[in-house]
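Trainee: got a predicted model here, sequence first, then my questions.
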Amino acid sequence: MKLNLASLIIVTILVTACTRQEELILPPVSTLGGDNWYGIVNTAYLRLNSQMGGLGEAGLTLRGGDIVLVTQIRSLATGSGNSRFYSDYYFVITNDGSGWAASEQINLFNHRQTAEDAQIRFMLRSNN
């Protein structure tokens with residue numbers, strides 16, 4: 001009797017588990033990354049340019065600690081042969097404008113809240 005009852009319980013669990021179909025609900029913003037990142041300017045001032053490599057028309061000037069939206073990351077090769085060197089550039093968007101900046105001048109983050117926390121730390125370091 002105990003063996004039959006245990007067998008019945010196991011079979012019931014297996015049938016229920018195999019027939020249950022749950023819908024996977026994803027959060028509205030991917031936590032695995034995406035096409036956009038947030039960044040903070042890590043230099044005292046940063047001038048955005050219309051083209052990568054500091055070329056083109058100089059545009060908007062950002063201040064250290066400003067939060068930006070980074071929508072593109074591109075590499076630019078300079079030199080040739082064994083002297084080839086690659087530099088990364090970010091295309092950033094702010095409320096006031098957009099342009100290209102060298103990657104060394106912006107720290108990237110996956111989430112806005114993380115960038116805001118880093119902004120606070122940057123401001124505290126700048127005031128000391």
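Mentor: Perfect, thanks for sending it.

Trainee: going forward, measure contacts between C-alpha atoms and count neighbours the same way
Mentor: Fine.

Trainee: would you map the strands across this structure?
Mentor: 37-41, 45-49, 58-63, 67-78, 85-93, 98-102, 106-109 (DSSP state E).

Trainee: convert the shortest one to PDB, retaining C-alpha atoms only.
Mentor: Once non-C-alpha atoms are left out, strand 106-109 reads as follows in PDB (Å, rounded to 0.1, in the frame of the first residue of the first chain):
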ATOM      1  CA  ILE A 106      34.300  58.300 -20.300                       C
ATOM      2  CA  ASN A 107      33.700  55.500 -17.800                       C
ATOM      3  CA  LEU A 108      30.900  53.100 -19.100                       C
ATOM      4  CA  PHE A 109      28.100  51.500 -17.000                       C
END
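
Trainee: Q105 and T43 touch, don't they?
Mentor: Yes. The criterion here is C-alpha atoms under 8 Å, and Q105 meets it with T43 at 5.9 Å.

Trainee: hmm, who's touching stretch 120-128?
Mentor: 42, 64-65 (C-alpha atoms under 8 Å, 6 or more residues apart in numbering).

Trainee: run the last query once more with 7 Å
Mentor: G65 (C-alpha atoms under 7 Å, 6 or more residues apart in numbering).
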